[in-house]
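In: predicted model and sequence follow; I will ask about them next.
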Amino acid sequence: MLVSTVRSDPRTFNRFVDRSFAVDLFNLLTQARLVRINRVTMALEPMLAESWTRSADNLTYTLKLRRGVRFSDGAPFTAADVLFSLRAADCLIARCPAGDADNGSLLRIRVRDRPLVVTAIDDNTVSIRFPSPFGPGLRVLDGIPIYPRHLLEQSLDDGSFAKAWPATTPPARLAGLGPFVLREYQAGQRLVFERNPNYWRKDAGGARLPYLDRLTLEIVAGQDAEVLRLQSGEIDCTGDEIRPQDYATLKEVAKAGKVRLQDLGVGLDADSLWFNLRADAKMPPARRSWLQSAELRRAIAETVDRKRFGDVVFLGAAVPVFGPISPGNKVWFDPQAPTPAFDRKRAAARLASLGFRQKNAEGVLVDAGGQLLRFTLITAQGNSALERGAGCIRDDLRTIGIAVDVVPLERGALNGRVEKADYEAVYNRFLADPDPALNPDFWLSSGGAHVWNMSQDSPATQWERRLDELFARQAATVDEGERRVLVGQMQRVLAEQLPVLYFAAPRVYVVTSTRVLNAMPSLTRPMVLWSADTLAVRGGKKGTD
């Protein structure tokens, strides 16, 4: 048996209506997809689809499904389950309100808001036709679980699918194609999974997976408690990376031979700062003129000491970053994108060009009309990295005469303010897919996660229009080399305009018990359990050194 953790209870077992980590992890353990992205190599791998071909016009993919596969309740898996699952996903997209970035990102199987055309050629063959060439191709299916049509189609037909499989559903009424089945769920305590006897994957030697007979997720709300359980040997791994402040403690535990500590390198996501750039932002016109200025953003980019930022926020376990794609994303990171120098004299000159040349008695810049160079920065309460980061930004900007009032908010309140565009500036983190083409909500001016000015009817600026054009071009080519060039140009547009400011990306450390074998930790959550079917424990099945 292997024991891991999750921070919260799943609110539902239906991955189509909830993208929270707890629900995603539940589905990774109990469900399967047609294809998956290997989270270590980032290569596309066959799963329920054992092979596929692409048409000469790059529009149609023909997928051969594995034969003889059965759901955990014994029902056969066929092309009808694929059609049902993709129809369910598309139905929910169609009902998704504009600007609802969560559901839009979760179920994005449309291209330019047009659905894929899915056809069953026979019980074991599916044709998927894209409305236009799409760079990521079948990678878009990585997040779509194939659910049992025989259990859920009625709820889709009668309009109740969004309420199907609540977290109160008895385990016997669930079924999946994943490596495990739920056997017990005690709210606020644990989820217990057992081996799916009908699981279809085998290892290279022909042995049936998974190796584990049982896997338990203990519900542990705080990282302090997780660290204590790792030290005591009560758990074998966690769903997240470890915090920088826990590294020294766990390094000593690793030296004692109780755990294995791995440095996975630079993370894929960095916390970020952005301003409200909406034309109708609720602020006086005189204040808007400088608060929404690119020169202010450039001055901030030149003022924050990124080395100090990484030392304070991540205890030195971080690297400076300047854009939304970190050096950890080796496929899409553009090392040639411009990076602002640390130059506070130049930053001061930029502020002077905005009319801020004098300071008051408190050292805060004022313009000729007595307007203070001051703004409010909201962030997530209780997130230590975000609160420390906001404090660093405040302290560094004070050195050139900018006053920042940091206001931590409960997560729900913060999200509500962002959705309503009721803020001056935000410091937060939003997770993205490593492939930029799968993050249209961030890059496109019409996107619900285009955070500085969301869901625009048409691009508000020429540079956003240019960004839209570049995004459309890179998403429409299957030539990865051409895509890399275009994505590099996208990064350079952001580097020039700086609608979002980035300072440091943390290094990612993962800890597992020395009992755990075959772990292949990734930079994305869940770091260890993403490939749970191949995990083993010492002394168990395939668990010898």
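Out: Structure's in. What do you need?

In: could you use CA atoms for every contact and neighbour count after this?
Out: Will do.

In: which one is D479 nearest to, not counting chain neighbours?
Out: Closest residue to D479 apart from its sequence neighbours, by Cα to Cα, 6 or more residues apart in numbering: G135 at 7.2 Å.

In: that neighbour: which element?
Out: Secondary structure assignment for G135, by DSSP states H and E: no helix or strand.

In: residues contacting it?
Out: G135 makes contact with 437, 474-480, 483 under the criterion Cα atoms under 8 Å, 6 or more residues apart in numbering.

In: in helices, which of those residues appear?
Out: In this view, these that belong to helices under DSSP state H are 474-475, 480, 483.

In: which of the residues you listed tops the neighbour count?
Out: Ranked by the number of neighbours (other Cα atoms under 10 Å), the ones in helices among the contacts of G135 place A475 first, at 26 neighbours.

In: show me the protein divided up by domain.
Out: Using automatic domain parsing, the domain ranges for the chain come out as 11-20+30-162, 272-505.

In: looking at these, which is closest to C237?
Out: Set against C237 and scored by Cα to Cα, the domains of the chain come closest in domain 11-20+30-162, at 17.2 Å.

In: got CSV for the contacts of G135, with distance to G222 and pLDDT too?
Out: As requested, those are exported to CSV (distance: Cα to Cα, whole Å; pLDDT from 0 to 100):
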residue, distance to G222, pLDDT
A437, 34, 94
Q474, 41, 96
A475, 39, 94
A476, 43, 94
T477, 44, 95
V478, 43, 94
D479, 44, 95
E480, 41, 94
R483, 41, 97
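
In: most widely separated two among these?
Out: So, these by Cα to Cα: farthest apart are A437 and D479, at 12.9 Å.

In: comparing these two, which residue is more hemmed in?
Out: Set A437 next to D479 and count neighbours by other Cα under 10 Å: A437 wins out with 22 against 13.

In: surely that one and Q474 touch.
Out: Yes - contact criterion Cα atoms under 8 Å: A437 and Q474 qualify, at 7.4 Å.

In: distance of D305 relative to V406?
Out: 18 Å (Cα to Cα, to the nearest Å).

In: again with T524
Out: Counting by Cα to Cα - T524 and V406 are separated by 29 Å.

In: same question, E234
Out: Relative to V406, and taking Cα to Cα, E234 is found at 38 Å.

In: so those two - more neighbours on which side?
Out: Comparing E234 with V406 by other Cα under 10 Å, the one with more neighbours is V406, at 19 against 14.

In: the stretch 201-350 of the chain: helices as residue ranges?
Out: Ranges of helices in the stretch 201-350 of the chain, per DSSP state H, counting those that start in this stretch, are 223-232, 247-255, 285-291, 294-303, 306-314, 344-353.

In: I'd like the average pLDDT over the third one.
Out: Averaged over helix 285-291, pLDDT sits at 89.

In: and the last one, by the same measure?
Out: Model confidence over helix 344-353, given as mean pLDDT, is 98.

In: equivalent analysis for the first one, please.
Out: Per-region confidence: helix 223-232 scores 94 on mean pLDDT.

In: and the helix or strand containing V485, which residues are buried?
Out: Assigned by DSSP H and E, V485 belongs to helix 480-497. For helix 480-497, the neighbour count (16 or more other Cα atoms under 10 Å) marks 483-484, 486-495, 497 as buried.

In: so which of those residues is the closest to G310?
Out: For these, the closest approach to G310 (Cα to Cα) belongs to A495, at 20.0 Å.

In: which residues does the residue nearest to the closest one when sequence neighbours are not counted contact?
Out: Nearest non-adjacent residue to A495, counting by Cα to Cα, 6+ apart: P338, 6.0 Å away. Under the criterion of Cα under 8 Å, 6+ apart, the contact list for P338 reads 492, 495-496.

In: got it, and R54?
Out: 60-62.

In: remind me which residues of the protein are low pLDDT?
Out: 92-113, 543-545 (pLDDT under 70).

In: go ahead and flag the most central residue of it.
Out: L431 (3.1 Å; Cα atoms, centre = their mean).

In: from Q262, how far off is the residue nearest to it when sequence neighbours are not counted?
Out: Using Cα to Cα, 6+ apart and skipping residues adjacent in sequence, the residue nearest L431 is D269, 6.4 Å away. Shown here: D269 relative to Q262, a distance of 18 Å by Cα to Cα.

In: the two: which has the busier surroundings?
Out: Using other Cα under 10 Å, the more surrounded residue of D269 and Q262 is D269, with 26 against 15.

In: so what's that one up against?
Out: Counting by Cα under 8 Å, 6+ apart, D269 makes contact with 324-326, 429-432, 505.

In: hmm, who's touching stretch 161-168?
Out: 10-14, 16-17, 152, 155, 174.

In: quick one: buried ones out of those residues?
Out: So, of the contacts of stretch 161-168, 10, 12-14, 16-17, 152, 174 end up buried under the neighbour-count rule (16+ other Cα under 10 Å).

In: among these, which one sits closest to V82?
Out: For these, the nearest to V82 is L152 (12.5 Å; Cα to Cα).

In: is it true that that closest one lies in a helix?
Out: Yes - L152 forms part of a helix when assessed by DSSP: H, G, I helix; E, B strand; the rest coil.

In: how near is it to R473?
Out: Taken as Cα to Cα, the span from L152 to R473 is 38 Å.

In: repeat that for L268.
Out: 24 Å.

In: now T216
Out: T216 sits 45 Å away from R473, going by Cα to Cα.

In: between those two, point out the one with more neighbours.
Out: T216 (21 against 17).

In: I figured the more buried one hits L191, correct?
Out: Yes - applying Cα under 8 Å as the test, T216 and L191 come out as touching, 5.8 Å apart.

In: overlap in contacts of these two?
Out: With Cα under 8 Å, 6+ apart as the test, T216 and L191 reach no residue in common.

In: now stretch 178-187: how far from the chain's centre is it?
Out: 24 Å (Cα atoms, centre = their mean, to the nearest Å).

In: give me the angle between the longest strand anywhere in the chain and helix 306-314.
Out: Criterion DSSP state E: the longest strand present in the chain is strand 504-513. Put simply, strand 504-513 runs at 40 degrees to helix 306-314, going by axes from the mean of the first three to the mean of the last three Cα atoms, to 10 degrees.

In: could you identify the helix or strand that succeeds strand 504-513?
Out: Downstream of strand 504-513 (by DSSP H and E), the next one is strand 516-517.

In: who does that following strand touch, helix- and strand-wise?
Out: strand 536-537 (3 or more Cα pairs under 8 Å, 6 or more residues apart in numbering; DSSP states H and E).

In: tell me what the strand it packs on is packed against?
Out: Under the contact criterion of 3+ Cα pairs under 8 Å, 6+ apart, strand 536-537 touches strand 516-517.
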